[in-house]
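Peer 1: What shape does this take:
(2 chains)
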Amino acid sequence: MVAVQTGANGLAVGTPALKSVGPLTFSPDGILFVADNLGATILAIDVDEAGAAQETRPIEVDNLDTRLAAFLGCASEDVFIKDMAVHPSSGRVYLSVMRGSGAATIPLLLTLDADGILSELSLENVRFSQTAVPNAPAEDDARTDGRVVRGKREGEDKQMSSGTVLRIARDVLRTVAVTDMAYVDGVLLVAGASNEEFSSTLRRIPFPFGGEAQASSLEIFHVSHGRYETAAPIRTFLPYAGNTSVLASYTCTPVVHFSLNELGSETQLKGRTVAELGSGSTPVDIVSYTRDGEEYLLVSNTRHPLIKIACKDIAGQEPLTQPKNPVGVPREALPHEGVGRMAKLNGDYVLMMQEDATGSVSLHTYGSESL
Amino acid sequence: MCLRAHGWTAAELDALAALPAAELVRRLAVIPSKLIEARVELRALQPIAGRFEFDGDSVCFRPRFPFVEGECYSLVADLGEQKGGAPHHGVWTIARPRSTATPSTVVEAICPSAATIPLNLLKVYVSFSAPMSEGWANRAVHVRLADDGARLADVFVATEPELWDPERRRLTLLLDPGRIKRGLVPHDEAGYPLIEGAPIIVSIDPAFRDAVGQPLRAGAERRYAVGAPVRSRVDPTDWHIARPAVGSRDPLTVEFDRPLDRALLEHCIEINDGAGVPINGRALVGAEEQCWRFEPDAPWAVGTYALVVDSRLEDLAGNSLQRVFDRDLMRPGDASITAQPAVVGFEFI
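Peer 2: Numbering: from 1, shown residues only, chains lettered A, B, ... in the order given. Next up is the predicted model:
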């Protein structure tokens, strides 16, 4: 038997097997969380940048997709950049990338330095831990996803409240695809979309994984114009204002505020709509930055300009009650074209992945004073 | 797997082998040939990850990631300067053969299977006979008007990641909820994704790739009439339960008041006996997702049973037992209820 050292954060040395890579986020002390939607798993990896010099140079990489295609030995069409995160102390850029599709897909975690040099993050003998993406039904709930089976070929024995022992097999047609993650004070917040019911569940997973505290979930609602209440999956979200607030954007386009204090104790929460994107546009990413002592948020989306919102305006915003367009808090459209994923770099910069008219993706850095 | 280029002299190989790693990658590189054909500035690129080995009269490149079927790869070597000082590059190109497998995957089902769908239809499921590739959902599924063939744009919302079952055989497509929900800007600007009274055809393009990269054997399509929107909670007390004879193992049939969500029907209903224990048997979803049948393993006995319905069960418009999809707060009867399973008792006497 191989002795495994379990260290801080419940991490142990080993080689995790990824089936896919998706959303990324860092904890403040540099633990990289990676959502593997195909494996229905979230990994926490210590990327061990202790002692690494802080990268202070802005990053400019033209034609990142072509560089990735060259590095990975495939056509540009076979490169799928899934997410981007910046290590909190070293400033190194991490990318989750899928090469190819179908059975030939290779999931990869890559780093990108200020000179545009790509490197693969080796997962061999890293310190890591993992948890299953929580999938709603309670363990003893044989009704929801289980079916009673005979024989021992499949399933497991469950004792019912009546004392009867039944063999229950669980169908796993139902999945939760993680759309975004954020780490706040020992809890990994995970937004996801179900491939069956139209759910609006925000999952709260304590970290280190597997501790006594159990994962729990919260149903999120919003009201449009004080008249229609709906549930909706969160596409992207960001804790801000010293982790007291969350700005979230739904698949159906409203941008919603809720307080993180409420998020800890409630099982249902109504978000306050502060803005709406227009038709045909889906939210992509949210990032915060500070300029002249004020905190601002940028919301990127698929069709409309990059939106800039001052956090102080959100705090003073009344819930939207009247249909009007544009609606919500005062907001500014920034001229940056084709912005997708974004990340904060060293406090003073915002990194943006931008797609040009030819479909080519480049990475640009903007000083917060210019935004 | 390696790319091997023969015909080097011993002196050339010795010189290459003696180079420091940083210099070697400046002199030898393997690049996808498409990038060379596209006249991308090679010096701006980082070559394919991998390592070089020198063996006999050949240079061998072992890529970190396997070469892709059907792609061409070029070994580019900096051979110093030509007479007159111009750089001298050697380029050797090989092609990885493309798979010759014939397409075999087909679309097994497009759901709902109801002939008429509500204006506020929320989901379409497409089931395939084999695991599929991601990246095609947004470009290979189309909706057009049945009458004139006009394409309806932006019907489905692009989900990232795409919504698949774990086997990657069943794809879930969401009709843009921002256009369905009343009061939202997309709804006010662009209206419903569908048009009441205008029949549509949902089609799956044969270009949709399966997991081994092959297109479908054939495309598929399904026609729907588009009816009025549905905005009320699913209520099992509105269903009709047809009981078979005691002592038989004939199916019990539950007729719904409206078609329900196919995927959720697979595991949201069951029959409990008088002790509250689920009974063994086989459940079948009926035509047009309008009914559900249950064949017990043991004959029906005199006594009480219960139809137990998970409150997550939705209809075609996303209304569940708990809530109306977009609830009008002015209608108190539509208030959401807590997430308890519904239990409808029935008796065999």
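Peer 1: how far away is the closest residue to residue A:267 other than its chain neighbours from residue A:185?
Peer 2: Leaving aside its chain neighbours, residue A:267 sits nearest to residue A:218 (6.2 Å; criterion: CB to CB, 6 or more residues apart in numbering or on different chains). For the C-beta atoms, the positions are set from N, CA and C on the backbone; glycine is no exception. Residue A:218 sits at a distance of 16 Å from residue A:185 (criterion: CB to CB, to the nearest Å).
Peer 1: which one of those two has more residues nearby?
Peer 2: residue A:218 (19 against 11; other CB atoms under 10 Å in any protein chain shown).
Peer 1: ok now do residue 97, which residues does it touch?
Peer 2: Chain wasn't specified; assuming chain A. A:21, A:68, A:72, A:79-82, A:107-110 (CB atoms under 8 Å, 6 or more residues apart in numbering or on different chains).
Peer 1: my bad, the chain I had in mind was chain B
Peer 2: Contacts here follow CB under 8 Å, 6+ apart; on that basis residue B:97 touches B:69-70.
Peer 1: If residue B:342 is in a bridge, with which residues?
Peer 2: Residue B:342 has the following beta-bridge partners by DSSP bridges: residue B:309.
Peer 1: again with the one 4 residues further on
Peer 2: In this entry, residue B:346 is beta-bridged to residue B:305, by DSSP bridges.
Peer 1: Report the separation between it and chain A.
Peer 2: Noted for residue B:346: a distance of 18 Å to chain A, by CB to the nearest CB, to the nearest Å.
Peer 1: Could you report the pLDDT at that residue?
Peer 2: As predicted, residue B:346 sits at a pLDDT of 91.
Peer 1: Also residue B:6?
Peer 2: On pLDDT, residue B:6 comes in at 87.
Peer 1: Report the contact partners of the closest residue to residue B:56 other than its chain neighbours.
Peer 2: Spatial nearest neighbour of residue B:56, chain neighbours left out: residue B:6 (7.9 Å); criterion: CB to CB, 6+ apart. Counting by CB under 8 Å, 6+ apart, residue B:6 makes contact with B:56-58.
Peer 1: Out of these, which is nearest to chain A?
Peer 2: residue B:58 (19.5 Å; CB to the nearest CB).
Peer 1: Model confidence for that closest one, exactly?
Peer 2: 90.
Peer 1: Number of residues surrounding it?
Peer 2: Neighbour count for residue B:58, taken as other CB under 10 Å: 15.
Peer 1: ditto for residue A:293
Peer 2: Other residues close to residue A:293 by other CB under 10 Å number 5.
Peer 1: Let me know the pLDDT of it.
Peer 2: As predicted, residue A:293 sits at a pLDDT of 92.
Peer 1: quick one: it from residue A:311, how far?
Peer 2: When residue A:293 is compared with residue A:311 (using CB to CB), they lie 11 Å apart.
Peer 1: And residue B:248, by the same measure?
Peer 2: Distance, residue B:248 to residue A:311, using CB to CB: 67 Å.
Peer 1: Those two - which one has more neighbours?
Peer 2: Under the neighbour definition other CB under 10 Å, residue B:248 and residue A:311 were set side by side, and residue A:311 has more, 18 against 10.
Peer 1: Isn't that one up against residue A:240?
Peer 2: Yes: Residue A:311 lies in contact with residue A:240 (CB atoms under 8 Å); the separation is 6.1 Å.
Peer 1: For these two, list the residues in contact with both.
Peer 2: Taking CB under 8 Å, 6+ apart as the criterion, residue A:311 and residue A:240 both touch A:288, A:295, A:297.
Peer 1: Let me know the helix or strand that residue B:34 is in.
Peer 2: In the assignment (DSSP states H and E), residue B:34 maps to helix B:33-37.
Peer 1: Could you name the helices and strands sitting against that helix?
Peer 2: In terms of contacts (3 or more CB pairs under 8 Å, 6 or more residues apart in numbering or on different chains; DSSP states H and E), helix B:33-37 is packed against helix A:64-72, strand B:72-81.
Peer 1: since we're on residue B:132, how many residues are nearby?
Peer 2: When counting by other CB under 10 Å, one arrives at 27 neighbours for residue B:132.
Peer 1: where's it relative to residue B:156, distance?
Peer 2: Distance from residue B:132 to residue B:156, by CB to CB: 16 Å.
Peer 1: just residue A:86 next, same as before
Peer 2: Counting by CB to CB, the gap from residue A:86 to residue B:156 is 33 Å.
Peer 1: again, but for residue B:329
Peer 2: From residue B:329 to residue B:156 the distance is 28 Å (CB to CB).
Peer 1: More neighbours: these two, which one.
Peer 2: Higher neighbour count among residue B:329 and residue B:156: residue B:156, with 19 against 13, using other CB under 10 Å.
Peer 1: I'd say the more buried one and residue B:139 touch.
Peer 2: No: contact criterion CB under 8 Å: residue B:156 and residue B:139 do not qualify, at 10.7 Å.
Peer 1: which bits of the stretch 1-150 of chain B sit near chain A?
Peer 2: By CB under 8 Å from any CB of the partner chain, the residues of the stretch 1-150 of chain B that approach chain A are B:30-32, B:34-35, B:40, B:44-50, B:63-69, B:71, B:73, B:122-123, B:131-135.
Peer 1: Can you say which of the residues you listed are buried?
Peer 2: B:30-32, B:34-35, B:40, B:45-50, B:63, B:65, B:67-68, B:71, B:73, B:122-123, B:131-135 (16 or more other CB atoms under 10 Å in any protein chain shown).
Peer 1: Could you list which of the residues you listed belong to helices?
Peer 2: Using DSSP state H, the members of these that fall within helices are B:34-35.
Peer 1: wait, what's in contact with residue B:16?
Peer 2: B:8, B:24, B:27-28, B:52, B:54, B:59.
Peer 1: Tell me which two of the residues you listed sit farthest apart.
Peer 2: B:8 and B:24 (13.9 Å; CB to CB).
Peer 1: burial count for residue 315?
Peer 2: I went with chain A, as the question did not name one. Neighbour number of residue A:315 under other CB under 10 Å is 12.
Peer 1: that answer is for a different chain, and I need it for chain B
Peer 2: 27.
Peer 1: Please apply the same query to residue A:71.
Peer 2: 27.
Peer 1: So for it, what's the pLDDT?
Peer 2: 96.
Peer 1: same deal with residue B:205?
Peer 2: 97.
Peer 1: Next, give phi and psi for the closest residue in space to it that isn't next to it in sequence.
Peer 2: Once flanking residues are discounted, residue B:205 sits nearest to residue B:140: 4.1 Å by CB to CB, 6+ apart. When quoted as degrees, to the nearest 10, the phi and psi of residue B:140 stand at phi -120, psi 10.
Peer 1: was I right about residue B:140 contacting residue B:204?
Peer 2: Yes: using CB under 8 Å, residue B:140 is in contact with residue B:204, at 6.4 Å.
Peer 1: What ranges in the stretch 201-350 of chain A fall below the confidence cut-off?
Peer 2: Residue ranges of the stretch 201-350 of chain A with pLDDT under 70: A:211-214, A:263-266, A:317-328.
Peer 1: 90 instead, please
Peer 2: For the stretch 201-350 of chain A, the stretches with pLDDT under 90 are A:201-204, A:210-234, A:241-245, A:250-283, A:301-305, A:313-331, A:346-348.
Peer 1: in it, which spans are helices?
Peer 2: Secondary structure of the stretch 201-350 of chain A (DSSP state H, counting those that start in this stretch): helices at A:260-265, A:311-315.
Peer 1: Just put those helices in TSV and tack on distance to residue A:176.
Peer 2: Formatted as TSV, the helices of the stretch 201-350 of chain A follow (distance: least, CB to CB, whole Å):
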stretch	distance to residue A:176
helix A:260-265	18
helix A:311-315	28
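Peer 1: So which of those is the most surrounded?
Peer 2: Between those, helix A:311-315 has the highest mean count of neighbours, a mean of 16, where neighbours are mean count of other CB atoms under 10 Å in any protein chain shown.
Peer 1: Any idea which residue is closest to the centre of chain A?
Peer 2: Geometric centre of chain A, nearest residue: residue A:180, 2.0 Å, by CA atoms, centre = their mean.
Peer 1: so what's it up against?
Peer 2: So residue A:180 contacts A:23, A:190-191, A:234-237 (CB under 8 Å, 6+ apart).
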